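Enquirer: sequence and predicted model, in that order:
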Amino acid sequence: MSFSLAIVGRPNVGKSTLFNRLVGRRLALVDDQPGVTRDLREGEARLGDLRFTVIDTAGLEEATDESLQGRMRKLTERAVDMADICLFMIDARVGVTPTDEIFAEILRKRAAHVILAANKGEGSAADAGVLEAYGLGLGEPVRISAEHGEGMPELYAMLQPLA
Ligand code: GDP
Ligand code: MG
């Protein structure tokens, strides 16, 4: 059985980089509902022998500080309701931010399956951020580098039992 995975998290943590890595050159399917195209991008992902639908969330990038929280909540809830599994991404080089804490709270309340990914995990600059991620109450983080392709077997191992 196939499943869908939504990648959520604050701007600039590396969501689209992971989306592109999982989808590769396969054409992304674009939802042409008004307002959806810009905020949610869907593609057919491959990871090892897994085939699944991956949803990239954008649409927070141009939000102002005042509108960010409301938009985050709406967009995240929509992605969570659409997808079987949520991959919540933080930037391990920055560590856990107050915005990350808000996402974590939404996900703890709403999402059935959450995978916590500490991205930008290549190198020792990420060590402290990976440890901080344990404090989010979303289980053990998977340390990945979307840009360098590190941690993909570990991500596979987390997804495989849920497939
Ligand atoms: P998004 O806003 O969450 O979709 O983030 P993007 O995928 O656009 O990435 C934001 C920035 O982080 C870009 O400059 C990426 O090249 C960079 N980035 C993404 N993944 C990694 C990573 O694993 N390591 C490092 N060092 N940079 C990364
Ligand atoms: Mg993006």
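Expert: Yep, it's here. Ligands and ions are numbered 1, 2, ... in the order given.
Enquirer: ok, for residue 55, nearest residue in space, not its chain neighbours?
Expert: Distances taken as C-beta to C-beta, 6 or more residues apart in numbering place residue 6 nearest to residue 55, at 4.3 Å, with adjacent residues excluded. Every residue, glycine included, has its C-beta placed from N, CA and C.
Enquirer: one more: residue 147?
Expert: Excluding the flanking residues, the one nearest residue 147 by C-beta to C-beta, 6+ apart is residue 17, at 5.5 Å.
Enquirer: what's the separation between the one you found and residue 102?
Expert: Residue 17 sits 22 Å away from residue 102, going by C-beta to C-beta, to the nearest Å.
Enquirer: now the longest helix seen in the chain: buried residues?
Expert: Taking DSSP state H as the criterion, the chain has its longest helix at helix 65-82. Neighbour-count burial for helix 65-82 flags 68, 72, 75, 76, 77, 78, 79, 80, 82 (criterion: 16 or more other C-beta atoms under 10 Å).
Enquirer: mind putting the residues you listed into a markdown table with distance to residue 145 and pLDDT?
Expert: Conversion of those to a markdown table gives the following (distance: C-beta to C-beta, whole Å; pLDDT from 0 to 100):
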| residue | distance to residue 145 | pLDDT |
| --- | --- | --- |
| 68 | 26 | 72 |
| 72 | 24 | 77 |
| 75 | 25 | 83 |
| 76 | 24 | 83 |
| 77 | 28 | 85 |
| 78 | 28 | 86 |
| 79 | 23 | 86 |
| 80 | 25 | 87 |
| 82 | 26 | 88 |
